[in-house]
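> what shape does this take:
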Amino acid sequence: MEFLVLLAVIAVVVTAVVVRQLRRYPVGEGERVYALHPKYSSLRRPLHDARTKRDDVLRDCRQQIDRADHAVAAVEQQGQQEIQALRGKQEELRREVDGDHRGTLGELVLHDHVLYIMHTARDGQEVPAKPRWRLPLRTLHAERVESRDLDFIRLNWPQGQASCAYRRNGTQAVERFTNQICTAVKQDGIDRARRQKQVADLEARIRTCQAETARRKAEAERSRDALVRSLHQVEQQAEEDWKTALARWETDKATARGQADGGTPVVDS
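Okay, here's the model as predicted:
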């Protein structure tokens, strides 16, 4: 049984070799000997060499074109990465953040860019952690208001207003915190203007990067297209040389048949 399996494997391998040879060396009826027999290897050599040369040329052309295509893609990819990085910086500058904590007075908690009004404890109830109001400083106006018994910090913003009351014995603390809020509002405006300018500068850089990427990509595409045109001529010449080799193969077969018919077989020297 193992011997039969071995014979079957050998038969498959031999068949594959024969088919490969017949494909590589085209022959007509009664000419298979020229494609298969070892004594005609010198007859096959020119066609083998021509095929190898053609395949090498075509493979080299494909590789050069692939590299040129990759160069075009690399230019675009690099440009997109640079633009994406710049847009990321823009988003970071546009992102609304609280900033550092600057102070607390009663229910008011001040940060660089926002003021929180927290809940106050009533009748022993638990104070919610979530603030009542989150007020961006860019829209906020704060002032201290005095009454006979209390000091107030009055807050106004486009959608509403609120007042926070404090005992008069804390007047200095109320005044200081009100001034701190007003100072923070001014600084927030300065910071916001600075960030807006940075965003605009980044937008200009993005436009410059887009234009430069388009220019470099167009240059790479022109180089690639010129390469494709020049290599097309090389490929055509390789195909012409292959056709010449095929024609010579047919001539050599005919010569070999004539010599064989005349009683002088072609053998390797």
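
> any low-confidence regions in this structure?
Across the chain, the ranges flagged by pLDDT under 70 are 2-25, 27-37, 121-128, 169-170, 260-269.

> identify the single longest helix in it, thanks.
Counting residues, the longest helix in the chain under DSSP state H turns out to be helix 171-261.

> quick one: list the elements packing against that one.
Secondary-structure packing of helix 171-261 (3 or more CB pairs under 8 Å, 6 or more residues apart in numbering; DSSP states H and E): helix 41-94, strand 101-105, strand 108-111, strand 141-146, strand 150-157. Backbone N, C-alpha and C define where each C-beta goes, glycine included.

> most neighbours per residue, which of the ones you listed?
Neighbour counts (mean count of other CB atoms under 10 Å) averaged over each of the helices and strands packed on helix 171-261 peak at strand 108-111, with a mean of 21.

> what lines up beside the helix or strand just after that one in the sheet?
Using DSSP states H and E, the helix or strand that follows strand 108-111 towards the C-terminus is strand 114-117. When sheet partners are counted by DSSP bridges, strand 114-117 sits next to strand 108-111 (antiparallel), strand 133-136 (antiparallel).

> can I get those in a markdown table with distance to Met118?
Shown next, in a markdown table, are the strands paired with strand 114-117 (distance: least, CB to CB, whole Å):
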| stretch | distance to Met118 |
| --- | --- |
| strand 108-111 | 6 |
| strand 133-136 | 9 |
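
> which among these is found nearest to Glu221?
Set against Glu221 and scored by CB to CB, those come closest in strand 133-136, at 47.9 Å.

> which parts of that closest one are buried?
Residues of strand 133-136 classed as buried by neighbour count (16 or more other CB atoms under 10 Å): 133, 135.

> centre of the chain to it, how far?
Mean-position distance between strand 133-136 and its chain equals 39 Å (CA atoms, centre = their mean, to the nearest Å).
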